[in-house]
Structures are given as C-alpha cells and as structure tokens.
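J.: The following block contains a protein sequence and its predicted model.
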Amino acid sequence: MALTISLGYTVGAYNFNDAPFSSLSQSVYRDTVAKMRGPFSTSWERVRFLGIGAAAMSLLTLFHYRLTWWPLHPIGFAISANYLTRFSVFSIFLAWACKAAILRVGGVGLYRGSRPFFIGLLTGHAMGVAASFVVDCIWFPGQGHQIHSW
C-alpha cells in the first residue's frame, strides 16, 4: 500500500495503466455528469426487475430463517452478479468438489492428510508469482507484465 501511494504521488497514478487508476475512474465520473445533465425517464422494465429481485431476495431470506433444511444462503443471490464472483465461481466449485470427493472417499483422515498438498499448491503459485516479479525487476525494469491475466 505504501509503495502504491508513494508511486501515485511521484509518477502519477494515471500512469499505472490499471483501470481503477486511469480509465475506470474517469468513465464513472463522465457517466455521472452525463446523467445529471440529461436526466432520463423512468424505465419500467428496470423497476420490474428490481421488484423481481426484491421478491426473490425476500423469499430466500424467509426460507433461510424459517426452514432449517434450506441449503441456499440469501447472500449468494446478492453477490452472484458481481464480476469477481462470476470470475472465480469455477475455482470455488472445483475446491468444493475436491473436498467433497476426498471426504466421501477417505473421510476426515484423508481430508486432514491431503491439506499439505493443497497448501503446497497455493504456496507454489505464490512462489511462481514471486519468481516472475523478481525476473521482471531484474531483466525488465520499468516494464514488467501482468502476472494474473484477468
């Protein structure tokens, strides 16, 4: 965080070439000003979708609090439209499927025994990112590349 703030003040955050610092912040401001200057009429289709979403959320909340066997948490409906959730849902499903398969095949003993393997996967990924960062610092100073291709 300190490095980001320091570089933002010394070289300018706009030069980071990342959406939150360059194009995204400007587009949000530009869209807000455009909507303030030219107000739009009520879109009844949007109001209808708002009502459908409110009803669905109300039902999910009611089911969650009144039916002990209900498997769906209402927060899942609220965060499902988030970009990062849609981006990572397969990874979450894959982790859940691995855990369910390990518990079904070998029980809690195999689950506890397999934890070092999965922690090793995460550590290996972090070490790969760190190695890529070091390579960028040594051989490509000032250029670098995006490590995560989002």
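T.: Perfect, I can see it now.
J.: any idea how this structure splits into domains?
T.: Domain ranges of the chain: 1-40, 43-81, 83-150, per automatic domain parsing.
J.: Could you report the distance from the spatially most central residue of the chain to F63?
T.: Nearest to the geometric centre of the chain sits L84, at 2.7 Å (CA atoms, centre = their mean). As judged by CB to CB, to the nearest Å, L84 and F63 stand 26 Å apart. Where C-beta positions appear, they are placed from N, C-alpha and C, glycine not excepted.
J.: possible to save the domains of the chain as a markdown table with mean pLDDT?
T.: As requested, those are exported to a markdown table (pLDDT from 0 to 100):
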| stretch | mean pLDDT |
| --- | --- |
| domain 1-40 | 80 |
| domain 43-81 | 91 |
| domain 83-150 | 87 |
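J.: give me the element the nearest residue to S80 once chain neighbours are set aside is part of.
T.: Residue nearest to S80 in three dimensions, not counting chain neighbours: R86, with 7.6 Å by CB to CB, 6 or more residues apart in numbering. Here R86, judged by DSSP states H and E, is contained in helix 83-139.
J.: Next: P141.
T.: For P141, there is no enclosing helix or strand under DSSP H and E.
J.: L103: how many residues sit nearby?
T.: 13 (other CB atoms under 10 Å).
J.: and the nearest residue to it once chain neighbours are set aside, what does it touch?
T.: Distances taken as CB to CB, 6+ apart put Y111 closest to L103, at 5.4 Å, once the chain neighbours are dropped. By CB atoms under 8 Å, 6 or more residues apart in numbering, the residues touching Y111 are 99, 102-103.
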